[in-house]
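I'd like to go over a predicted model; first the sequence, then the structure.
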Amino acid sequence: MTTLTNKILIVDSKLEMSAVLPGYLEHEGLIPVVAHTREAALEKILAEPPDTLIVAVKSPGLDGMEIMKAAKAVDEDLPVILITSAPDIRGAVAAMRAGAHDYLAEPLKQHEVLRAVFRALNECALKRKLRRLSGQIEGGSALREIMGPSDAVKRLTEEVARVAKTNFSVLVLGETGAGKELVARAVHQLSSRKEAPFIAVDCGAIPEALLESELFGHEKGAYTGADRQKKGTFEMASGGTLFLDEITNMSLGSQAKLLRALQDKSICRIGGTRSTATDVRVLAASNQDLRKAADEGSFRRDVYFRLNEFAITVPALRQRQEDILYLAKRFMDFANAELQKNVQNFDRAAVDALLAYDWPGNVRQLRSVIRRAVLLAADVVTVEHLAIDGNVHRENGFDGGTEVRLAEATQNDLPLREFVRRKVIVIEREILCHVLRHVGGNKAKAARLLHIDYKTIHTKIRDYGIPTNHGD
């Protein structure tokens, strides 16, 4: 007897798919679950997330694209297979761009459905494995184990543990790619709300006209196209945590409604007249100086103070260099698992280049660089595989590398000699890049300008991982 292990949620109001598909799935040892309304589907997803979602693009009282979007707000890795009775190229492209895993046309053929389902299950399993590896704070995983062994991360984890047990609203601040959502998930996972939903909303990715509907929901007929009632993320995250990423992208008008929801602990759907009580902890993130934005009037001061019951600043990767190699090796392991490769290490020049680079894109950029390097490498990653552009780590162009921020000099816990040594590496690398650009890549001419011999400039180019795109 086949053991049933994978749950497939079928959403269909016409009863046609739900009459045929369960038989296909059960025959292959899968567990079919059926929902006939949007609300029933979301309740099932929140109660016990399925492994794959199958939904009709258009069905009486249902909008498959909307259901897919709501489902992915709860579980971004959930693969969705859309079924349409009127297939067209434009619709297929729109569906895939919106996040659909597959797009099938009626009448359904058993072998096509099963092939799509098993492909979705395999991809979902891989994504979830990689997410566990990359540290989406599951079970007892420690944030420090995920982010690195530096003292800066140690202090960060202490702050997370301190505030997680409270019900404070928390501001998570830091540069793009530093790991703000990871920290927010850690706060949720260590809180008493960890069994309830964690829902993330990117305030910069949703058009202003739709953001309030996304947060607060709307009633049927609230505006053109609102053909049914919709719950917002405040209601969907009930009992759990709502994470508002890039909060500074929210308009002042939407901020006023957010403030009311936070103060009253209730929301009113767009077009509605009745308030609905909410029990949601709100975490917010920004890569900007929110206090400055509040003082300048581009962000509401009252919202800032309401959200800023506790603030956590995620340090940039360049401020915790001890974590770079730890993370690079960790990302190498992830890439090996994803790409089915067995790259084992970095050569010395690659290590030096990783440590000398400024990482303007932070951990997100490091992961991307390592993933690409593993794809290119056979067994050892070299500087050529890293392809780190030495010209990009100063946003304002060449500045000699001499600027040292007070916080950088005093908060990195490095002895002065080691701090200066690392700064010298950065300065030398920048000067070499600048001069090589100036002479069109002619290494002999660059060596003469810098008053060093030809062998030395070759050695430094190799050690610092400087790309050489021109001949002598």
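Yep, it's here.

Start and end of stretch 236-246, how far apart?
One end of stretch 236-246 sits 20 Å from the other (C-alpha to C-alpha, to the nearest Å).

For the stretch 101-250 of the chain, which segments count as helices?
Assigned by DSSP state H, counting those that start in this stretch, the stretch 101-250 of the chain shows helices spanning 110-134, 143-147, 151-164, 180-189, 208-216, 233-236.

Highest mean neighbour count out of those helices?
helix 180-189 (a mean of 24; mean count of other C-beta atoms under 10 Å). C-beta here means a position set from N, CA and C on the backbone, and glycine is covered the same way.

Now do that one: everything it contacts.
135-138, 143, 146-147, 156-157, 160, 163-164, 170, 172-174, 194, 198, 200, 240-241, 243, 245, 281, 283, 285, 287, 312, 314 (C-beta atoms under 8 Å, 6 or more residues apart in numbering).

Same check on stretch 114-123?
6, 8, 24-25, 28, 30, 51-52, 54, 79, 81, 101-102, 104.

7 Å instead, please
6, 8, 24, 28, 51-52, 79, 81, 101-102, 104 (C-beta atoms under 7 Å, 6 or more residues apart in numbering).

Which of those residues lies at the shortest distance from residue 446?
residue 101 (50.9 Å; C-beta to C-beta).

Next up, the contacts around that closest one.
Taking C-beta under 7 Å, 6+ apart, one finds 79-81, 120, 123 in contact with residue 101.

Try it again at 10 Å.
Counting by C-beta atoms under 10 Å, 6 or more residues apart in numbering, residue 101 makes contact with 52-53, 68, 78-82, 95, 116-117, 119-121, 123-124.

Please report phi then psi for it.
With angles defined as degrees, to the nearest 10, residue 101 sits at phi -80, psi -40.

do you know how far it is from residue 196?
Distance, residue 101 to residue 196, by C-beta to C-beta, to the nearest Å: 26 Å.

burial of the closest residue to residue 232 other than its chain neighbours, as a residue count?
Nearest in space to residue 232, with sequence neighbours left out and distances taken as C-beta to C-beta, 6 or more residues apart in numbering, is residue 217 at 3.4 Å. For residue 217, the tally of surrounding residues (other C-beta atoms under 10 Å) stands at 23.

The contacts of stretch 114-123, buried ones only, as a ChimeraX selection?
Buried subset of those, written as a ChimeraX selection, criterion 16 or more other C-beta atoms under 10 Å:
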select :6,8,24,51,52,79,81,101,102,104
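
is it true that residue 314 touches residue 362?
Yes: Residue 314 is within contact range of residue 362, at 8.7 Å (criterion: C-beta atoms under 10 Å).

okay, the helices of the stretch 101-250 of the chain in CSV with mean pLDDT and distance to residue 324 next?
Compiled in CSV, those are given as follows (pLDDT from 0 to 100; distance: least, C-beta to C-beta, whole Å):
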stretch, mean pLDDT, distance to residue 324
helix 110-134, 76, 16
helix 143-147, 85, 12
helix 151-164, 92, 12
helix 180-189, 93, 17
helix 208-216, 86, 36
helix 233-236, 92, 35
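
farthest-separated two in the contacts of residue 101?
Taking C-beta to C-beta, no two of these sit farther apart than 95 and 121, at 19.0 Å.

burial count for residue 225?
For residue 225, using other C-beta under 10 Å, the count is 8.

Also residue 287?
Quick note: residue 287 (other C-beta under 10 Å) scores 18 neighbours.

measure stretch 299-316 end to end?
The first-to-last residue distance of stretch 299-316 comes to 24 Å (C-alpha to C-alpha).

from now on call the first residue 44
Okay, residue one is now 44; in that scheme the one you just asked about reads as stretch 342-359.

Tell me which residues of it come out buried.
Judged by neighbour count using 16+ other C-beta under 10 Å, the buried positions of stretch 342-359 are 342-343, 346-347, 349-351, 353, 355-359.

Give me the distance from it to the chain's centre.
20 Å (C-alpha atoms, centre = their mean, to the nearest Å).

What's the mean pLDDT across that stretch?
In this model, stretch 342-359 has an average pLDDT of 95.

What of stretch 497-515?
On average, stretch 497-515 scores 70.

List the residues that contact residue 234.
206-210, 241, 283-284, 324.

How about residue 80?
54, 56, 86, 104-105, 110, 271.

who wins for neighbours among these?
residue 54 leads those on contacts (other C-beta under 10 Å) with 29 neighbours.

Would you confirm that that one contacts residue 86?
No: at 11.6 Å, residue 54 does not count as touching residue 86 under the criterion of C-beta under 10 Å.

Mind pulling up the pLDDT for residue 411?
pLDDT at residue 411 comes out at 91.

what's the answer for the one 5 residues further on, then?
Residue 416 is assigned a predicted lDDT (pLDDT) of 94.
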